[in-house]
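# compute the structure for the input listed below.
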Amino acid sequence: MAIEVPRLYDDIKGDRPANEDVKHYDPGTGRSDMPGARDLRDTLDANTKNDIEGKWREYWDGKEGRNRYSVNNPHLSEPYSNLEALVFQALRRYGDMHPGTIDGEVMMMFVEFANLTIEDLRGHAYWDNPEIDYYTHPSEQRPIPDSIVVSGLLYHYSVQQQSNKIEAYGPMYFKMMNRILYQRKFGSGKIEVSPWDRSQAPNGTQGYDARRR
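Okay, the predicted model is just below:
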């Protein structure tokens, strides 16, 4: 009985098939598919990480992208939808009536709800536009992410209806607002907290004071 000899890579003749997969980094040309990309075999330290993230964010901020505005109706308008489209969207989600059956009085009530949402934004720690104008007509647009407006309309409408749906729409509204506004203000980086030394004015990262209570 012949003993089968295992095949070794040294015994394979010929050229290796061409690899046409997308490369993260090409050391020959220095080209990469994303700005700031590095050879994955390199050592990654804090400076390299900051350089990669800085180039990537600079590239991203320079590109026009409609999706960064959280638009819900890009087929109608962008980057923000008019209030009437958002009201119909909120009513479809609420599910108590057909949106096409509402009259002018109900629509004006939703204008009030939208202005209450603006008041919620003005008091939010992450909102940077306290001088934003109120809605005065359903056809108007405001520079507010559509998802926040729809969630606010659902929340305030469920409060007006004294509905049990407020148990779902309330937390959803404030979670949506906090998440979107934080991302717009600080990006998607890690959350870092540095305790302040009570003997110094807060001016950045400082040593921790063990006497604090």
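# where does the protein have low pLDDT?
Low-confidence segments of the chain (pLDDT under 70): 1-42, 44, 56-57, 59-71, 74-78, 189, 194-213.
# got the domain boundaries for it?
Annotated domains of the chain cover 25-63, 70-186 [automatic domain parsing].
# turn those into a markdown table, including distance to Glu192 and mean neighbour count.
C-beta here means a position set from N, CA and C on the backbone, and glycine is covered the same way. Converted to a markdown table, the domains of the chain look like this (distance: least, Cβ to Cβ, whole Å; neighbours: other Cβ atoms under 10 Å):
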| stretch | distance to Glu192 | mean neighbour count |
| --- | --- | --- |
| domain 25-63 | 13 | 11 |
| domain 70-186 | 10 | 16 |
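# of the ones you listed, which is nearest Val193?
Of all the domains of the chain, it is domain 70-186 that lies closest to Val193, at 12.7 Å by Cβ to Cβ.
# who touches stretch 122-133?
118, 121, 142-144, 177-178, 181-182, 184-186 (Cβ atoms under 8 Å, 6 or more residues apart in numbering).
# what about 6 Å?
118, 121, 181-182, 185 (Cβ atoms under 6 Å, 6 or more residues apart in numbering).
# which strands and helices sit next to the helix or strand containing Tyr157?
Following DSSP states H and E, one finds Tyr157 within helix 146-160. When contacts are defined as 3 or more Cβ pairs under 6 Å, 6 or more residues apart in numbering; DSSP states H and E, helix 146-160 sits against helix 83-94, helix 104-122, helix 166-186.
# got those as a markdown table, with distance to Gly54 columns?
Output for those, formatted as a markdown table (distance: least, Cβ to Cβ, whole Å):
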| stretch | distance to Gly54 |
| --- | --- |
| helix 83-94 | 36 |
| helix 104-122 | 30 |
| helix 166-186 | 15 |
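# and of the ones you listed, who's closest to Lys49?
Ranking those by proximity to Lys49 (Cβ to Cβ) places helix 166-186 first, at 17.1 Å.
# quick check: angle from the helix holding Tyr157 to helix 166-186?
For helix 146-160 against helix 166-186, the angle by axes from the mean of the first three to the mean of the last three Cα atoms, to 10 degrees is 150 degrees.
# quick check: closest non-adjacent residue to Tyr126.
Spatial nearest neighbour of Tyr126, excluding adjacent residues (Cβ to Cβ, 6 or more residues apart in numbering): Leu181 at 3.7 Å.
# for Pro99, see how far away that neighbour is.
Counting by Cβ to Cβ, to the nearest Å, the gap from Leu181 to Pro99 is 27 Å.
# and for Thr48?
On the measure of Cβ to Cβ, Thr48 and Pro99 end up 52 Å apart.
# Glu119 now?
25 Å.
# before we move on, what about Phe186?
36 Å.
# equivalent analysis for Arg92, please.
6 Å.
# who touches both of those two?
Common neighbours of Arg92 and Pro99 (Cβ under 6 Å, 6+ apart) do not exist.
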